[in-house]
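Colleague: Build me a model:
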Amino acid sequence: MNGVMERTLAILELLAQQVGGTPLAFIADELDIPRSACHRLLTDLKGFGYVRQLREHGDYVLTTKLVGLGLSFLSTSGIIDMAQAILDRLAETSGELVRLAIVDGDRLTWVAKAQGAMKGLKYDPDMGMDTVLSCSATGHAWMMTMSDERAMALVSRQGFGQPKDYGPNAPTTVQGLLTFLDAARQRGYATINEVFAPGMTAMAAPIMRRGYPALGVISIAGPLIRLDEARMARLGPALMAAASELAAASHASPLFERIS
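Modeller: A predicted model of the protein is given here:
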């Protein structure tokens, strides 16, 4: 990792994954950057307001500036205004977490959500993260719309998720993943059971206009104790109806127009 831009972006991405402050030594060692160079980059990022130190000469954390840029972009794109009412209705119907992910090149990123669970266990992963394609219903729903060759090329670049990091049923081979995709195509939407995380399930449907690649994915996720296989089957029609409604409404968002 030699380029200044590459190193700077790697630091931002690393800090985005840390819950608390992160020491300089950890950042430098994790990214294989000389500590002096890492310190200079962090000083520049601090000067531009993208990171701060918890105390003088202390650990580094992201500021909200980067988040603000993302939220400003999403607001301008019209996605949230267009999608939120649909997400809210599906969350109310399902009583679970509903999320919207959008396709941007070879990436699929969660950008909006609605929480239907008012009490009990709530499942709420961080927004703004790229989807792990091999281990998520969202990733499976996107890949079911493309050829197996294209899907495997995307997964090979990102890598397979391992059960120790995800759920016990996470696919770790090409054939294992293709089995999930074949079932999703036959069903019309993807489902996973203890794949993304132990004790959790999810279902997802692609958002597509006729004759165009998928624009995004809408998903429902929750604990297995509530969202079991039978309940996912009952929610399937509502999920696909929401995906169709988002596809029809996508003309309202310039970002969706760019994707299509």
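
Colleague: Only C-alpha atoms from now on, for both contacts and neighbour counts.
Modeller: Noted.

Colleague: Could you pull up the residues touching the nearest residue to residue 87 once chain neighbours are set aside?
Modeller: In space, residue 87 comes closest to residue 114 once its chain neighbours are excluded; the distance is 5.7 Å by CA to CA, 6 or more residues apart in numbering. Neighbouring residues of residue 114 by CA atoms under 8 Å, 6 or more residues apart in numbering: 84, 87-88, 91, 97-99.

Colleague: shaky segments in the stretch 101-250 of the chain?
Modeller: Flagging of the stretch 101-250 of the chain using pLDDT under 70 yields the residue ranges 117-129.

Colleague: Might one say that residue 107 is in contact with residue 130?
Modeller: Yes - under the criterion of CA atoms under 8 Å, residue 107 makes contact with residue 130 at 6.6 Å.

Colleague: got the CA positions of stretch 206-226 in PDB?
Modeller: The C-alpha trace of stretch 206-226 is given here as PDB (Å, rounded to 0.1, in the frame of the first residue of the first chain):
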ATOM      1  CA  PRO A 206     -34.200  -7.200  -6.000                       C
ATOM      2  CA  ILE A 207     -35.500  -3.900  -7.100                       C
ATOM      3  CA  MET A 208     -35.700  -4.100 -10.900                       C
ATOM      4  CA  ARG A 209     -37.200  -2.300 -13.800                       C
ATOM      5  CA  ARG A 210     -38.100  -4.500 -16.800                       C
ATOM      6  CA  GLY A 211     -35.200  -4.800 -19.100                       C
ATOM      7  CA  TYR A 212     -32.600  -3.200 -16.700                       C
ATOM      8  CA  PRO A 213     -30.100  -4.600 -14.200                       C
ATOM      9  CA  ALA A 214     -31.100  -4.500 -10.500                       C
ATOM     10  CA  LEU A 215     -31.100  -1.000  -9.000                       C
ATOM     11  CA  GLY A 216     -31.100  -2.200  -5.400                       C
ATOM     12  CA  VAL A 217     -32.400  -4.600  -2.900                       C
ATOM     13  CA  ILE A 218     -35.000  -4.400  -0.100                       C
ATOM     14  CA  SER A 219     -34.700  -6.800   2.800                       C
ATOM     15  CA  ILE A 220     -36.400  -7.900   6.000                       C
ATOM     16  CA  ALA A 221     -34.200  -9.200   8.900                       C
ATOM     17  CA  GLY A 222     -34.800 -10.400  12.400                       C
ATOM     18  CA  PRO A 223     -34.200 -13.100  15.000                       C
ATOM     19  CA  LEU A 224     -34.900 -16.700  14.100                       C
ATOM     20  CA  ILE A 225     -37.300 -17.100  17.000                       C
ATOM     21  CA  ARG A 226     -39.700 -14.600  15.300                       C
END
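
Colleague: So which bits of that stretch are buried?
Modeller: Across stretch 206-226, burial judged by 16 or more other CA atoms under 10 Å covers 206-209, 213-224.

Colleague: Next, the residues that contact it from outside, please.
Modeller: Here stretch 206-226 has contacts from 91, 94, 96-103, 108, 121-123, 137-138, 141-142, 145, 189, 193-194, 199-205, 227, 239, 242-244, 246-248, 256, 259-260, using CA under 8 Å, 6+ apart.

Colleague: and the residues you listed, which of them are in strands?
Modeller: Among the contacts of stretch 206-226, DSSP state E puts 97-103, 108, 193, 200-205 in strands.

Colleague: Name the nearest of those residues relative to residue 35.
Modeller: residue 108 (32.8 Å; CA to CA).

Colleague: For that closest one, list the residues it contacts.
Modeller: Contacts of residue 108 (CA under 8 Å, 6+ apart): 101-102, 130-131, 139, 216.

Colleague: Of these, select the buried ones using a ChimeraX command.
Modeller: Here is the ChimeraX command that picks out the buried ones among those, judged by 16+ other CA under 10 Å:
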select :101,102,130,131,139,216
